[in-house]
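> below are the sequence and a predicted model; questions follow.
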Amino acid sequence: MSPPPPLSESHTAESLRNLFASTFSWFLPENVIDEDTLEYLFTSLSDGSFEDKEEFLDFVTPLLMELFEGDDEDEARAQCTKAHDLLYGKCVEEGSDTTKEEETTTRVINVKLGGTPGEEEESEFEKEVSRRLREKERDRLPDFSTNTNHRNQNEDKAHEKEQRKMRKKLEESEEEVRKLLRELDVARETAAKRRIEGSSGGGNGSIGTIEVGPLNVPNPGGGQDLINDCVLTFVPGRRYALIGRNGTGKSTLLKYLASRRVGDKVGFSEDVFVHYVNQEVTLNEEQEEWLPVDVVLHADVQRRLLLEELKELESNASGEGDVQRISVVHEHLDSIESSSAHARASQLLRSLGFSEELASRKMKQLSGGWRVRTSLAAALFATPDILFLDEPTNHLSIQAVMFLAKELVENPVWKSRIIVCVSHDRHFLDETTTDSLHISGVAKRVTSHRMNYSSWAKKRREQQIALKKRTELRQIKIDTLKEFAGHGFRYGGSSSQINMMQKKASEAKKLELEAEEEQNELADLEEDRENSLSLCAGGELQSQSISMLESCSFRYPNTEKDIFTDVDLSVDSKSRVVLLGENGQGKTTLVKVITNALKSTGGSVKRDHGARISLVNQHHAEQLKYDMTPLQFMLEKYKGDGSYKHEQEIRGHLSSCGVPTALQSIPSGSLSGGQRSRVAMAAVSYFKPHLIVLDEPTNNLDLESCEALAKAISDFKGGVILVSHDQFFVEQVGKEFIAIENGRAVRFENFKKYRASIAAKMPK
């Protein structure tokens, strides 16, 4: 395997991030490394200044010992040596003693990195790192490591063939996404050129109603289409929530609309400027070297093209025509307030939480969350005719979510434009959207509703109740008619009585046919119903507190600044603590101190050593291998005595957690995201924890699954610590609200008071 090129010269941001994530997760125990720690390591090491092994070991070894909570410096130094060799060119070979192929526990990495490599060919080393990271982050693919105890050679070959097939589908899906994004870039430039030429009616809020379709939306992974005969009408000034269960095609439909694959009707003409914000940020190698403000400015395609034209004209002006054109270009630039662009772009970044230090970093040095914020700032700066947002709140703090909502609703710029948004944040959708577009996975159709999500959900529940009542009454009538008719046929009677019985039997048959015809409607309505979820707690503890912090502080090794100081907190079995604050302020680090994953560097931390603590992070559902059933997963995690009684106990527990018998023997790859989340929560619950710690647990759930999980956590008979940007979830779960601000813990009486404090700081 060829050694890697120097880190500071030719690695893309994506390969660097994959490199750090895969390397350190390779050697650290499950759930040790978090985004705060990774960010610290990444920014410290990514400039290549620690290529010297001794300097690298002196810097990283103390941190690794802190994370391991160990005192064996030789062991920590040995692990750091392996990490250095992997990072700087001596990649660990498959099958060597330094690999972890023998591990049986599933590892979940608590980071999600954005970006993709540039167009240049990856080195063998980069390919190896990318492969390893994919294996760790994509546990959805079956694990086909050789295991002679469970599989014979033929079974291994069959599984390997299935794996290749699944990977090929995944690669094809990713290539389709890249193709769609390329089409979007071309369409944006075309629209900008049309504006400059003066032939466009768009770009200044003057677009009219747009109709698209009918179109079919194919499944990127193959198989049946996700949506059939979709026809949509978009009205300027309206803001649309695209809703539906996970897997129904929301993100795919957004990509198709954004790239103008809109079917037979004339809809998004070349004049219309469309901007699409993806869940992950894709930049080329040159753009990875830019500052965030450069990315934001680049999003104004019209300004960019005008400046390029002006530069060319001023360099090669040769006649009166060129002089006149220069004057026209200057007029265009003045009309779009080009001179104030840099100041406006910088203000957008500040409003989304960027400090001066973060804004001065190159894009390749930013974590996934800050890259997404940059992408959002770019979209707002571009002021397109149509804005498509795909899970825009996933990496935002509550403060940033509030700013985004305020911007979309109150800024006059958006009053005459069209916004379409996919989000699992109910509070955000209710604040920002005027209409709901619901995708039914059962009916494979999109229906439009002139109301926000909560109003739609209320109406949906009323429809579900009405249909259920109608179905029950009809079944009672059918049973009565059949009984009446059967009575006559059993005991005989006059011809008129027999005729009457036949008439009753005919009525029953007619009602049964009516019931059959309503099955699709019933399935469509039931698709959005979420079963209740019940979580088991560990019961009472001898001590009153599970964890108590007094004047607690924490500082990473070899740094001069505390992450937080003087934190006082007591957590017991009735606690419902929500940790709030801007990203990077230390919420996740504080959680690790509370749960003993990190040792405090100041103050005291007292814990009940008999307390059981479970961590639920944003990747909690990804630990299920896609070829493993929920029952197999639970039996592997909790082997028990292997008896039939133990299996029945596991089955009963799964049922109580909303995983019915019918789903317990289905491979998890066929389950929805919400169903997989329930299985993961069942595993957490079976442990009977005294304290559940939730770190952004809703990021990959749909709206209905978020609501069910919030209800289950609220009803949990143990302690809860929550870190979340989902305002609905926070309101449903929280009772104690603590914001980490500039290293201090600030308490708020309720969530409304916290929101009010943020709103007061926002520019009017």
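It's in. Numbering: from 1, shown residues only.
> so what's Leu533 closest to, chain neighbours aside?
Distances taken as C-beta to C-beta, 6 or more residues apart in numbering place Ala712 nearest to Leu533, at 3.9 Å, with adjacent residues excluded. (Glycine included, C-beta is placed from N, CA and C.)
> doesn't Val616 make contact with the one you found?
No. Taking C-beta atoms under 8 Å as the definition, Ala712 is not a contact partner of Val616, at 10.9 Å.
> okay, and the common contacts of the two?
Common neighbours of Ala712 and Val616 (criterion: C-beta atoms under 8 Å, 6 or more residues apart in numbering): Met681.
> more neighbours: those two, which one.
Val616 (23 against 20; other C-beta atoms under 10 Å).
> so where does that one fall, helix or strand?
strand 613-617 (DSSP states H and E).
> do the same with Phe728
helix 727-733.
> extract the CA atoms of that helix and return them as PDB.
Provided in PDB are the C-alpha atoms of helix 727-733 (Å, rounded to 0.1, in the frame of the first residue of the first chain):
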ATOM      1  CA  GLN A 727     -37.600  22.600  20.300                       C
ATOM      2  CA  PHE A 728     -40.700  20.400  20.400                       C
ATOM      3  CA  PHE A 729     -38.700  17.600  21.900                       C
ATOM      4  CA  VAL A 730     -37.000  19.900  24.400                       C
ATOM      5  CA  GLU A 731     -40.400  21.300  25.500                       C
ATOM      6  CA  GLN A 732     -41.900  17.800  25.900                       C
ATOM      7  CA  VAL A 733     -39.100  16.400  27.900                       C
END
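> so which elements touch that helix?
Helix 727-733 is packed against helix 398-410, helix 426-432, strand 576-580, helix 703-715, strand 719-723, helix 751-761, with contacts defined by 3 or more C-beta pairs under 8 Å, 6 or more residues apart in numbering; DSSP states H and E.
> buried stuff in it?
Buried residues in helix 727-733, counted by 16 or more other C-beta atoms under 10 Å: 727-733.
> for Asp528, state which of those residues is nearest.
Using C-beta to C-beta, Phe728 comes nearest to Asp528 of the buried residues of helix 727-733, at 16.2 Å.
> and the end-to-end length of stretch 711-728?
11 Å (C-alpha to C-alpha, to the nearest Å).
> what's the answer for stretch 315-326, then?
Stretch 315-326: ends 11 Å apart by C-alpha to C-alpha.
> helix or strand for the residue lying closest to Ser532 once chain neighbours are set aside, which one?
Among residues not flanking Ser532 along the chain, Gly658 sits closest, at 6.3 Å (C-beta to C-beta, 6+ apart). Assigned by DSSP H and E, Gly658 belongs to no helix or strand.
> Gly658: neighbour count?
23.
> how close does it sit to Arg261?
Gly658 sits 37 Å away from Arg261 when distances are taken as C-beta to C-beta, to the nearest Å.
> go on, Ser643?
56 Å.
> more neighbours: which of those two?
For Ser643 versus Arg261, neighbours defined as other C-beta under 10 Å are more numerous around Arg261 (16 against 9).
> assumed that one was part of a strand.
No. Under DSSP: H, G, I helix; E, B strand; the rest coil, Arg261 sits outside any strand and is assigned coil.
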